[in-house]
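Participant: how would this look folded up:
(one chain, ligands or ions: 1)
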Amino acid sequence: MSAPLIDIGINLAHDSFDSDRAEVIQRAAAVGVTRMVITGSSLPSTRAAIELVRSDPQRFRCTAGVHPHHATDLDETALQELATLAAQPQVVAVGECGLDYFRNFSPRPAQITAFRHQLDLAVQLRKPVFLHQRDAHDEFVTILREYSLQLVGGVAHCFTAGSAEARAYLDLGLYIGITGWISDERRGLHLREVVRTIPAERLLIETDGPYLLPRDLNPKPHSRRNEPMYLPHVLQAVAAARGQSPQELASVTTRNALTLFGWPAPAAEV
Ligand SMILES: [Zn+2]
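Facilitator: Here you go, the predicted model:
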């Protein structure tokens, strides 16, 4: 029997879960995914995530942030509300925040400003950061280095880059979150090498549902929607790539998540 798992990146407030969220939570629990950190990626999704935590504080925590895609939304008023939301006790990290130069849905200067505001907020609140980066590694790391002495921790969520990028994040003291991307035979094969180079004490696992359904699930759900019940699949893939037992990886990644997010372990697990 493996340790219970924590999905540290699940967009559970997403409307694709509106019709069957309770079943999604039950299916996850049935395979040992007993806790989740719900991603807040905009003000509305952060508000919804906080409500979900209030509905089941044993099972959930959440983040409060504005994704780089929505960076232009983070005006002065929005920033004040984000600060209020991020200070709530249900919120264990600021983000998801960062830079995404792959899609550039928000202009780069707006992304940088929004990222810096959220790093400032994390420093003020003494909460870790939940980070998103795509095609923007150099600028992202340059900004993070300015904050590295002040930040209390963070995770590079949905890590998909190479060994040099992983090294840079580890040097910044960050955890690295691995998703089902590792199962993608077209663009994830390199990750199987990279995860071998990450110390177990810095690894986290996540689904990023409803996105990033692992491509090698068999059978695949008709909906193509990813959900937390597939986290053990990510665990298996990471464990296989590292040549490590899934049980061992389960207990260390769960411990890492509890440590990073300051989430007390239930007495039975200590
Ligand atoms: Zn992301």
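
Participant: rest of the way, CA atoms for contacts and neighbours
Facilitator: Noted.

Participant: the residue lying closest to residue 47 once chain neighbours are set aside in helix, strand or coil?
Facilitator: Leaving aside its chain neighbours, residue 47 sits nearest to residue 85 (7.4 Å; criterion: Cα to Cα, 6 or more residues apart in numbering). Secondary structure, DSSP: H, G, I helix; E, B strand; the rest coil: residue 85 is helix.

Participant: check contacts around residue 85.
Facilitator: 46-47, 64, 91 (Cα atoms under 8 Å, 6 or more residues apart in numbering).

Participant: roughly how far does it sit from residue 165?
Facilitator: Distance, residue 85 to residue 165, by Cα to Cα, to the nearest Å: 31 Å.

Participant: what residue ranges in the stretch 1-150 of the chain score low on pLDDT?
Facilitator: The stretch 1-150 of the chain contains residues with pLDDT under 70 at 1.

Participant: now do 80
Facilitator: Applying pLDDT under 80 to the stretch 1-150 of the chain flags residues 1-2.

Participant: what segments of it are helices?
Facilitator: 21-30, 43-55, 76-86, 108-125, 137-147 (DSSP state H, counting those that start in this stretch).

Participant: alpha carbons only: can I get the strand or helix carrying residue 238 in PDB?
Facilitator: In this structure, residue 238 sits in helix 231-242 according to DSSP states H and E. Taking C-alpha atoms only, helix 231-242 is exported to PDB below (Å, rounded to 0.1, in the frame of the first residue of the first chain):
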ATOM      1  CA  LEU A 231      -2.000  11.000 -10.500                       C
ATOM      2  CA  PRO A 232      -0.800   7.400  -9.800                       C
ATOM      3  CA  HIS A 233      -0.100   7.100 -13.500                       C
ATOM      4  CA  VAL A 234       2.300  10.100 -13.300                       C
ATOM      5  CA  LEU A 235       3.800   8.600 -10.100                       C
ATOM      6  CA  GLN A 236       4.400   5.300 -12.000                       C
ATOM      7  CA  ALA A 237       6.000   7.000 -14.900                       C
ATOM      8  CA  VAL A 238       8.400   9.100 -12.800                       C
ATOM      9  CA  ALA A 239       9.300   6.100 -10.600                       C
ATOM     10  CA  ALA A 240      10.000   4.000 -13.700                       C
ATOM     11  CA  ALA A 241      12.200   6.700 -15.200                       C
ATOM     12  CA  ARG A 242      14.100   7.000 -12.000                       C
END
